[in-house]
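Q: predicted structure and sequence below. I'll ask about it afterward.
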Amino acid sequence: MTELDQIREDIVSDPSNAWAADAGYAPVYVASPEARCLVVGQAPGLTAQESGIAWNDATGRRLIEWLGVDETTFRDPAAFALLPMDFYYPGKGSVGDLPPRPDFAPTWHPPLLRQMPHIRLTLVIGDYAQRYYLGTGGSLTERVRAFRDYLPERFPLVHPSPLNFRWQARNPWFVTDVLPELRERVAEALGGDSP
C-alpha cells in the first residue's frame with residue numbers, strides 16, 4: 001500500500017466522515033505523485049459526489065475550457081491533482097450548497113501535498129480556497145484581478161459556475177486578461193521535465 005492509499009483509508013475511516021461512509025459516499029479527490037497542476041476548489045457538488053468524479057458537471061466543463069486543455073488531460077492524475085477544501089458534498093444550504101467544513105483542508109491537504117512533490121502551479125478557485133491558501137486580504141474579485149501577485153506558484157480564480165455569469169459580465173477583464181495568462185501558465189506547468 002502506498003502512502004496515498006493509506007491517507008485515503010484514513011480519510012474514509014476518520015470518525016468525522018462516518019456520516020459519509022454511512023451514506024455510501026467515497027471521498028472525491030484526485031492525488032498522484034506525478035501531478036504537475038493542483039486544482040483547489042470548494043467541495044464536490046451532488047453530481048460529483050454521486051458519480052465519484054470531481055468537477056463532473058457544467059462547472060467542470062467550463063473549468064476545463066478555461067484551462068485550455070481537453071477532458072483527457074484534465075482527468076490524467078499525472079497532469080492534474082484535484083483537492084477540494086472538503087472531499088464530501090456538504091449538503092444544500094438556504095442559498096446554494098453548504099460551505100466546506102473549516103477543519104477538513106487543514107487536516108488532509110498537508111499530508112496529501114507532501115506526496116505530490118512535482119506540483120508547479122496551484123489554481124485556487126473561489127473564496128474558501130483563496131482564504132486558506134492566499135490569506136484573507138481583499139475580496140475575491142481583487143485577488144483574481146491581482147493574480148500576477150501570486151505567480152508563479154499560485155493562480156486565484158473565480159468559481160467557474162455558470163451561475164457566475166453576472167460576475168463575468170461585470171468583470172470583462174477576466175476573459176481578456178486572466179484566461180490567456182491562465183492557459184499559458186497551465187501549459188508551462190504541464191510541459192517539460194524541469195520545474
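A: Ah, there it is. It should be emphasised that the depicted structure is a prediction, and the values quoted were computed from it without experimental measurement.
Q: mind listing the strands for this protein?
A: Listed in chain order, the strands found in the chain under DSSP state E are 37-40, 80-82, 121-125, 154-157.
Q: pick the most buried one from those.
A: strand 80-82 (a mean of 26; mean count of other Cβ atoms under 10 Å). Bear in mind the C-beta positions are built from the backbone N, C-alpha and C, glycine included.
Q: helices or strands next to it in the packing?
A: Helices and strands touching strand 80-82, by 3 or more Cβ pairs under 8 Å, 6 or more residues apart in numbering; DSSP states H and E, are strand 37-40.
Q: now with 10 Å?
A: Under the contact definition 3 or more Cβ pairs under 10 Å, 6 or more residues apart in numbering; DSSP states H and E, strand 80-82 sits against strand 37-40, helix 58-67, helix 71-74, strand 121-125, helix 179-190.
Q: coming back round to it: any chance of the strands of the chain in CSV, with distance to Leu179 and mean pLDDT too?
A: Putting these into CSV (distance: least, Cβ to Cβ, whole Å; pLDDT from 0 to 100) gives the following:
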stretch, distance to Leu179, mean pLDDT
strand 37-40, 15, 98
strand 80-82, 17, 98
strand 121-125, 12, 98
strand 154-157, 9, 98
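Q: take these and lay them out in TSV including distance to Thr141.
A: Formatted as TSV, the strands of the chain follow (distance: least, Cβ to Cβ, whole Å):
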stretch	distance to Thr141
strand 37-40	18
strand 80-82	24
strand 121-125	14
strand 154-157	10
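Q: so Asn164 touches Thr141, yeah?
A: No. Using Cβ atoms under 10 Å, Asn164 is not in contact with Thr141; the gap is 11.1 Å.
Q: which residues are in contact with stretch 54-63?
A: 28-30, 39, 41-42, 44-51, 53, 64, 69, 71, 74-75, 80-84, 87, 123, 125, 157, 159-164 (Cβ atoms under 10 Å, 6 or more residues apart in numbering).
Q: just the buried residues of those residues.
A: 28-30, 39, 41-42, 44-45, 48-49, 53, 64, 69, 74-75, 80-84, 87, 123, 125, 157, 159-161, 164 (16 or more other Cβ atoms under 10 Å).
Q: centroid-nearest residue for the chain?
A: Val40 (2.3 Å; Cα atoms, centre = their mean).
Q: my guess is that residue contacts Phe80, does it?
A: No. Counting by Cβ under 10 Å, Val40 does not reach Phe80; the two are 11.2 Å apart.
Q: list residues touching both of these two?
A: Jointly contacting Val40 and Phe80 under the rule Cβ under 10 Å, 6+ apart are Leu123.
Q: in space, what's closest to Phe87 - neighbours in sequence excluded?
A: Distances taken as Cβ to Cβ, 6 or more residues apart in numbering place Pro27 nearest to Phe87, at 3.7 Å, with adjacent residues excluded.
Q: check whether the one you found really touches Tyr88, as I assumed.
A: Yes. Counting by Cβ under 10 Å, Tyr88 is a contact partner of Pro27 at 6.4 Å.
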